[in-house]
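> here are the coordinates; sequence isn't available:
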């Protein structure tokens, strides 16, 4: 473990109190205003939350996968939009740099990402390249000791606030799949970059997403992530980030489910019908029990896979299993929560309908449930020699 047990316990207690005392009271305001207050972002910086997974030598906390999952489960007990602010800096926005960046790239960017001075954004998805990310058409053409990038990226999380984009573009025009794609570190202020309007979403208000358009955007050779040796290997970098990223989202789903179960139980104990608390009704008890069982199963899966990853085991299949089960699980838990609350669950003031909408995204990003099913089955067949 990166932290000794007392230090980890202290960190978790600090995050737990921050969530309970600072974030939960702001949930309705965030949903209404679609904005995370600057002072909350500053507090996240002070707590070191932007650099949880960034190595200590670059100013981060250097948490292991298991430790990260424990923290994310605590963050999951409030609106997911709060976690989204720090999510890319700890996941796909930084881990490509950590794993494949040059020494100069790491030294320049990682300390600023760990402190939250730089917010990173992962620009992979395109209008016609989502689950089939290898079919992307954004191009990067060599020119003047650098590259000229052209194309449009879609649904890019944190793009309106990002200072750094990790951009995936095709550097070998003779390819039409994942081969021939490179990754670039592009300053958001670079000439030739424009942003589309912020997307209006089903949920997760406060977490902002928009298109990023590259129009003859020139970047120097030094912007190529990993340097010349990594030319045409950017898709491999993207795939390396996914195991940890999928476990992160799975842990978030567990935290959200546990918050929903807690709220549902409290409401069921307080709400009376037919002269007694609805918690005494067996059909309500069945929904509570099913939710508790599934959330516990997901928690166990996530922690087991995270520990195995930290121990050096290959966990690609296990990470997909966690992402598939946990993201689908929290959807069922949210649906039951609405049912337990009844008409109140459909009303904005209780927040249950907000969670119902917020958690729906978990089944889509970091690979849809259908992609996880495909990956799990393919890996099973491959491992069996089929």
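Alright, I've got the coordinates. If you're wondering where the values come from, they're calculated on a predicted model, not measured in any experiment.

> where's residue 131, which helix or strand?
For residue 131, there is no helix or strand it lies in under DSSP states H and E.

> burial of the closest residue in space to it that isn't next to it in sequence, as a residue count?
Using C-beta to C-beta, 6 or more residues apart in numbering and skipping the chain neighbours, the partner closest in space to residue 131 is residue 371 (5.2 Å). (Glycine included, C-beta is placed from N, CA and C.) When counting by other C-beta atoms under 10 Å, one arrives at 18 neighbours for residue 371.

> doesn't residue 371 belong to a helix?
Yes - counting by DSSP: H, G, I helix; E, B strand; the rest coil, residue 371 is located in a helix.

> my guess is it meets residue 133, correct?
No - using C-beta atoms under 8 Å, residue 371 makes no contact with residue 133, being 9.9 Å away.

> just for the chain, where's the confidence low?
Across the chain, the ranges flagged by pLDDT under 70 are 1.

> strands of that one, start to end?
Under the criterion DSSP state E, strands of the chain are mapped to 120-123, 139-142, 146-157, 164-170, 181-187, 193-195, 209-220, 272-273, 276-277.

> turn these into JSON lines, columns for distance to residue 334.
JSON lines is the format used below for the strands of the chain (distance: least, C-beta to C-beta, whole Å):
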{"stretch": "strand 120-123", "distance to residue 334": "26"}
{"stretch": "strand 139-142", "distance to residue 334": "41"}
{"stretch": "strand 146-157", "distance to residue 334": "21"}
{"stretch": "strand 164-170", "distance to residue 334": "31"}
{"stretch": "strand 181-187", "distance to residue 334": "35"}
{"stretch": "strand 193-195", "distance to residue 334": "31"}
{"stretch": "strand 209-220", "distance to residue 334": "21"}
{"stretch": "strand 272-273", "distance to residue 334": "22"}
{"stretch": "strand 276-277", "distance to residue 334": "22"}
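
> nearest to residue 14, of those?
strand 120-123 (23.9 Å; C-beta to C-beta).

> and that closest one, which strands flank it?
Strand 120-123 pairs in its sheet with strand 164-170 (parallel), by DSSP bridges.

> the strand it pairs with: how far from the chain's middle?
Strand 164-170 sits 18 Å away from the centroid of its parent chain (C-alpha atoms, centre = their mean, to the nearest Å).

> any idea of the angle that strand forms with strand 209-220?
If you take axes from the mean of the first three to the mean of the last three C-alpha atoms, to 10 degrees, strand 164-170 sits at 80 degrees to strand 209-220.

> what angle sits between strand 164-170 and strand 181-187?
The directions of strand 164-170 and strand 181-187 differ by 150 degrees, with the same axes, to 10 degrees as the criterion.

> okay, angle between strand 164-170 and strand 146-157 too, please.
Counting by the same axes, to 10 degrees, strand 164-170 lies at 110 degrees to strand 146-157.

> residues contacting residue 96?
By C-beta atoms under 8 Å, 6 or more residues apart in numbering, the contact set of residue 96 is 166, 183, 225, 237-238, 240-241.

> so residue 340 makes contact with residue 269?
No - taking contacts as C-beta under 8 Å, residue 340 lies outside contact range of residue 269: 10.9 Å.

> more neighbours: the two, which one.
Each of residue 340 and residue 269 has its neighbours counted (other C-beta under 10 Å); residue 340 has more, 25 against 12.

> now do the contacts for that one.
Residues near residue 340 by C-beta under 8 Å, 6+ apart: 264, 267-268, 278, 284, 287-288.

> and what of residue 144?
Taking C-beta under 8 Å, 6+ apart, one finds residue 218 in contact with residue 144.

> next, it: phi, psi?
Backbone torsions of residue 144, given as degrees, to the nearest 10, read phi 50, psi 50.

> distance check, it against residue 220.
Using C-beta to C-beta, to the nearest Å, residue 144 is found at 9 Å from residue 220.

> same question, residue 139
17 Å.

> what's across from residue 276 in the sheet?
For residue 276, the beta-bridge partners under DSSP bridges are residue 273.

> and which of the contacts of residue 96 is nearest residue 16?
Distance to residue 16 across the contacts of residue 96 (C-beta to C-beta) is lowest for residue 241, with 27.3 Å.

> just checking, the closest one touches residue 92?
Yes - using C-beta under 8 Å, residue 241 is in contact with residue 92, at 4.7 Å.

> just how off-centre is stretch 199-209 within its chain?
That offset, for stretch 199-209, works out to 14 Å (C-alpha atoms, centre = their mean).

> in it, what's buried?
Going by neighbour count (16 or more other C-beta atoms under 10 Å), the buried part of stretch 199-209 is 203-209.

> please list the outside residues in contact with that stretch.
30-36, 79-82, 84-85, 155-161, 198, 210, 354, 357-361.

> same check, this time on stretch 2-12
Residues outside stretch 2-12 that contact it (C-beta under 8 Å, 6+ apart) are 1, 56, 61-64, 67, 70-71, 74.
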